[in-house]
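Engineer: coords please:
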Amino acid sequence: MSNDWAHLQVASGFSLQYGASTPDALIERVAEHGQSFAALTDRDGVYGAVRWALACSRAGIAPILGVDLAIELAHAAPVITTGRRTPARGGAFVDEGSARVVLLARGAQGWASLCRLVSAAHEVRGRTVLSYEALGEHHAGVIALLGGDSEVAQHLRAHGERAAARSLDQWREIFGADLRLAITSHRRRAGHRHSTSHAARLLAFAGQQQVRAVLANAVRYRDSEQARIADVLDAARRLVPLTSAQVERDNGEAYLKSSAELTQIAQEIARAAGTSAAALQYEGIPSLAEVVTTATRL
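Structural biologist: Model prediction:
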């Protein structure tokens with residue numbers, strides 16, 4: 001199997017109204033690509049963890065378990081929101097402006113921490129947001145990936161490097177060497193959180209701050225043809241018509257890419273950042289093999 005790349009941010013259908021493919025379908029494609037590792041990072045929970053681990057076991061893939069959570073930092077500057085708020089349920093609003101973090105479990109201790117963090121994020125009924133205090137209390141054995149929708153990236157886009165560095169310092173205090181910046185390009189328009197230009201800026205920022213970066217394709221579906229399903233899910237989640245201006249149509253890039261395709265993406269980002277694509281390879285995560293030890297026993 002190829003060890004060039006690993007998908008470290010993958011949402012399955014267990015990400016309600018967000019992911020479009022089952023764990024089995026995703027792992028089938030990972031095996032076809034000859035990739036050794038794959039991380040399930042569903043939004044707001046770890047409901048698909050057992051299905052993911054079993055599918056990986058059948059395919060000879062090393063499973064990584066994680067979660068994608070909204071984060072509310074107690075002492076941070078306000079997060080940057082885009083677009084109008086979406087009316088829902090007779091005057092309430094769907095708020096998707098919260099910053100997010102992807103957390104990966106390393107071994108049994110990391111899995112235990114992950115479960116505690118998910119529970120903490122669900123403490124307030126009807127609102128899934130993780131507090132800074134809970135993150136500081138239950139981070140042992142956890143690797144944090146800050147991507148294009150993280151608070152650090154939001155500050156970098158809206159306020160510049162100084163504000164982003166202040167935000168990054170809070171994460172360093174908690175995770176230390178287990179902190180990574182997740183670099184994603186879906187080849188979107190300039191200014192988009194998943195544009196190549198922003199990915200290159202985040203990669204350059206990682207170099208300036210001496211924080212390791214990894215390529216994360218932010219997968220939502222197995223095949224690019226399923227982008228239309230993602231559009232329907234986005235409209236349903238936001239409770240707006242599919243034709244609404246608030247539904248930015250998916251461009252089909254959030255699919256489970258092969259190592260060759262990921263190499264091409266990495267090279268595009270690296271050229272824009274003036275660095276090497278090797279800076280994005282997953283070997284930057286320490287003791288990656290330890291991440292799978294819990295999953296293989298599920």
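Engineer: Helices of the stretch 1-150 of the chain, residue ranges please.
Structural biologist: With DSSP state H, counting those that start in this stretch as the criterion, the stretch 1-150 of the chain has helices at 23-33, 49-59, 107-121, 132-137.
Engineer: Of all those, which one is nearest residue 195?
Structural biologist: Nearest to residue 195, of all the helices of the stretch 1-150 of the chain, is helix 23-33, at 24.6 Å by C-beta to C-beta. (C-beta placed from N, C-alpha, C; glycine too.)
Engineer: buried stuff in that closest one?
Structural biologist: For helix 23-33, burial by neighbour count (16 or more other C-beta atoms under 10 Å) applies to 23, 25-31, 33.
Engineer: Serialize those to JSON lines and add fields for distance to residue 201 and pLDDT.
Structural biologist: Output for those, formatted as JSON lines (distance: C-beta to C-beta, whole Å; pLDDT from 0 to 100):
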{"residue": "23", "distance to residue 201": "33", "pLDDT": "98"}
{"residue": "25", "distance to residue 201": "34", "pLDDT": "98"}
{"residue": "26", "distance to residue 201": "29", "pLDDT": "98"}
{"residue": "27", "distance to residue 201": "33", "pLDDT": "98"}
{"residue": "28", "distance to residue 201": "35", "pLDDT": "98"}
{"residue": "29", "distance to residue 201": "30", "pLDDT": "97"}
{"residue": "30", "distance to residue 201": "29", "pLDDT": "96"}
{"residue": "31", "distance to residue 201": "34", "pLDDT": "96"}
{"residue": "33", "distance to residue 201": "28", "pLDDT": "95"}
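Engineer: quick one: which of those residues is nearest residue 220?
Structural biologist: Of all the buried residues of helix 23-33, residue 220 sits closest to residue 26, with 10.2 Å by C-beta to C-beta.
Engineer: Return the residues in contact with that closest one.
Structural biologist: 10, 12, 38, 55, 219, 222, 256 (C-beta atoms under 8 Å, 6 or more residues apart in numbering).
Engineer: Check pLDDT for the residues you listed and point me to the minimum.
Structural biologist: Of all these, residue 38 carries the smallest pLDDT score, 93.
Engineer: how far away is that one from residue 60?
Structural biologist: According to C-beta to C-beta, to the nearest Å, residue 38 stands 11 Å off from residue 60.
Engineer: So for residue 240, which of the helices of the stretch 1-150 of the chain sits nearest?
Structural biologist: Residue 240 lies closest to helix 107-121 among those, at 25.0 Å (C-beta to C-beta).
Engineer: contact partners of that closest one?
Structural biologist: 44-46, 65-67, 69-70, 103-105, 128-131, 134-135, 138-143, 290-291, 293-295.
Engineer: Okay, angle between that helix and helix 49-59 too, please.
Structural biologist: Counting by axes from the mean of the first three to the mean of the last three C-alpha atoms, to 10 degrees, helix 107-121 lies at 150 degrees to helix 49-59.
Engineer: centre of the chain versus helix 107-121, how much separation?
Structural biologist: Counting by C-alpha atoms, centre = their mean, to the nearest Å, helix 107-121 is centred 17 Å from the centre of its parent chain.
Engineer: Convert the C-alpha atoms of it to PDB, please.
Structural biologist: What follows is helix 107-121, C-alpha atoms only, in PDB (Å, rounded to 0.1, in the frame of the first residue of the first chain):
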ATOM      1  CA  GLY A 107      -4.800   5.000  21.700                       C
ATOM      2  CA  ALA A 108      -7.100   4.100  24.600                       C
ATOM      3  CA  GLN A 109      -6.400   7.300  26.500                       C
ATOM      4  CA  GLY A 110      -7.200   9.400  23.400                       C
ATOM      5  CA  TRP A 111     -10.400   7.500  22.800                       C
ATOM      6  CA  ALA A 112     -11.500   8.100  26.400                       C
ATOM      7  CA  SER A 113     -10.800  11.800  26.100                       C
ATOM      8  CA  LEU A 114     -12.600  12.000  22.800                       C
ATOM      9  CA  CYS A 115     -15.800  10.400  24.300                       C
ATOM     10  CA  ARG A 116     -15.600  12.900  27.200                       C
ATOM     11  CA  LEU A 117     -15.300  15.800  24.900                       C
ATOM     12  CA  VAL A 118     -18.200  14.700  22.800                       C
ATOM     13  CA  SER A 119     -20.300  14.400  25.900                       C
ATOM     14  CA  ALA A 120     -19.200  17.900  27.100                       C
ATOM     15  CA  ALA A 121     -20.200  19.300  23.700                       C
END
